[in-house]
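1. A structural model of the following input is requested.
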Amino acid sequence: MQVRLLAGSIVDTFGLRCYCSSSSKWDIFAALCLERRPIIVPEMNIIEKAMHNLTLNYENSRSLLSDHEVKMIRDKERLERLSSGAEVSSEDFDQAALETAQEFEDKFNEELKKLELAPRKTKDDETSNFKSLNRCLDHRLLFFINSQVGNHDKWTLPFVKIDKQSSLRQAIDELTSQLFPENQLTLRVLGNAPLAVYTYKYGAKNRKTLGATGAKVFILKAYHLNGTPQMVESNKSLFHDYKWLTINESRKIIPSAFWKVLRRSHVIDTVPENVVKASLAVVTRKKEESKVAAHSSN
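-> Predicted coordinates for the structure are as follows:
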């Protein structure tokens, strides 16, 4: 029995032999996908709001009364007994002298009105300061650099070519020490396995010049913990500029094929409005079809 591996090798599980099924050579790169995680909870979209209202109404209709609601009912009944002139117990007078549930609720509602929530949008959002981490607080931001790729300057993830002696993780650790010298930024790389793989084939001219079919870029994930990157003399040779961008913003500056690899590797931050409307239309149609089917069976 034979098993084909990703690298194109064949393993004979009985004879324990390995050999390469393809003579093509690929340049191997390691890229760093550095992410600043969301700081605040994003606003709910239409589908999430509909689901939230549905579950809230269900829980309200099925749940038992809370202690506060029970106290509200008892306070109301006690007030009716006192105002009607009927015979009341001394306990009713004692309880009436205490703070009622409605007074308790009014007091905290007044405190709630005084509470000022911090704005969801910051000054850096208004000025589109892409070098700042204090923007798009409800989205994840990815770190992109502008560096020389071939003969042109392009926006991309930080990357490094791997020699035969280094593993992916070793190459990424060395890259981060060069990108952010003097501990200007703290991050945590997640494991040794790549988040995604991007394959790029060279043109015919570059294949002869470089002696390789193309490049395979193994993307490793890392979380930003604290600090801000700075342009210093030791890292200017690696990149000329940098930006913190959302996945959707990065679509404008990186190759579409590379963007699709990143897009598939991340949880959706925001669902486009047309997708939400299409999903709701499908749900509505299915609901109507089930009603018609139930009516037909009866």
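2. those strands in the stretch 151-298 of the chain, which residues are they?
-> For the stretch 151-298 of the chain, applying DSSP state E, counting those that start in this stretch gives strands covering 152-156, 159-161, 185-189, 196-201, 214-227, 241-245.
3. which residues does the nearest residue to residue 210 once chain neighbours are set aside contact?
-> Residue nearest to residue 210 in three dimensions, not counting chain neighbours: residue 202, with 6.3 Å by CB to CB, 6 or more residues apart in numbering. Placement of C-beta: from N, CA and C, glycine included. By CB atoms under 8 Å, 6 or more residues apart in numbering, the contact set of residue 202 is 210, 212, 213, 214, 215.
4. Against residue 26, how distant is residue 202?
-> Relative to residue 26, residue 202 is positioned 10 Å away (CB to CB, to the nearest Å).
5. circling back to that earlier point, residue 123 is nearest to which of the strands of the stretch 151-298 of the chain?
-> With respect to residue 123, and counting by CB to CB, the nearest of those is strand 241-245 at 15.0 Å.
6. Please compute how far the closest one lies from its chain's middle.
-> The gap between the average C-alpha position of strand 241-245 and the chain average comes to 18 Å, counting by CA atoms, centre = their mean, to the nearest Å.
7. what do you get for stretch 243-251?
-> A distance of 12 Å separates the centroid of the chain from that of stretch 243-251, by CA atoms, centre = their mean.
8. and what of stretch 191-203?
-> Averaged over its C-alpha atoms, stretch 191-203 has a centre that lies 21 Å from its chain's centre (CA atoms, centre = their mean).
9. One more: stretch 214-224?
-> Between the mean C-alpha location of stretch 214-224 and the chain-wide mean there is a distance of 17 Å, by CA atoms, centre = their mean.
10. Ok, stretch 153-160 next?
-> Relative to the mean C-alpha coordinate of its chain, stretch 153-160 is positioned 22 Å out (CA atoms, centre = their mean).
11. Next one: residue 231 from residue 166, what distance?
-> Residue 231 sits 26 Å away from residue 166, taking CB to CB as the criterion.
12. So between these two, which is more surrounded?
-> Taking other CB atoms under 10 Å, residue 231 and residue 166 do not tie; residue 166 has more neighbours (16 against 12).
13. now that one: how far from residue 243?
-> Residue 166 is 28 Å from residue 243, by CB to CB.
14. same deal with residue 105?
-> From residue 105 to residue 243 the distance is 48 Å (CB to CB).
15. what about those two, which has more around it?
-> Shown here are residue 105 and residue 243; by other CB under 10 Å, residue 243 has more neighbours (18 against 13).
16. Who are the contact partners of the more buried one?
-> Applying CB under 8 Å, 6+ apart to residue 243 gives the contacts 130, 131, 143, 144, 146, 155, 253.
17. State the distance from residue 59 to residue 117.
-> 25 Å.
18. higher neighbour count, those two?
-> Set side by side, residue 59 and residue 117 show unequal neighbour counts under other CB under 10 Å, the larger going to residue 59 at 9 against 5.
19. which SS state does the more buried one fall under?
-> Three-state call for residue 59 (DSSP: H, G, I helix; E, B strand; the rest coil): helix.
20. can you tell me how far it sits from residue 66?
-> From residue 59 across to residue 66, the span is 12 Å (CB to CB).
21. swap in residue 257?
-> When CB to CB is the yardstick, residue 257 and residue 66 sit 55 Å from each other.
22. repeat for residue 218
-> Taking CB to CB as the criterion, residue 218 is separated from residue 66 by 53 Å.
23. Please identify which of those two sits among more neighbours.
-> residue 218 (19 against 9).
24. before we move on, the earlier item: quick check: neighbours shared by residue 202 and residue 26?
-> Common neighbours of residue 202 and residue 26 (criterion: CB under 8 Å, 6+ apart): 212, 213, 214, 215.
25. tell me the two of these that are most distant?
-> Distance extremes for the shared contacts of residue 202 and residue 26: the farthest pair is 213 and 215 at 8.8 Å, using CB to CB.
26. Find residues that contact each of the two.
-> With contacts taken as CB under 8 Å, 6+ apart, residue 213 and residue 215 have 26, 202 as neighbours in common.
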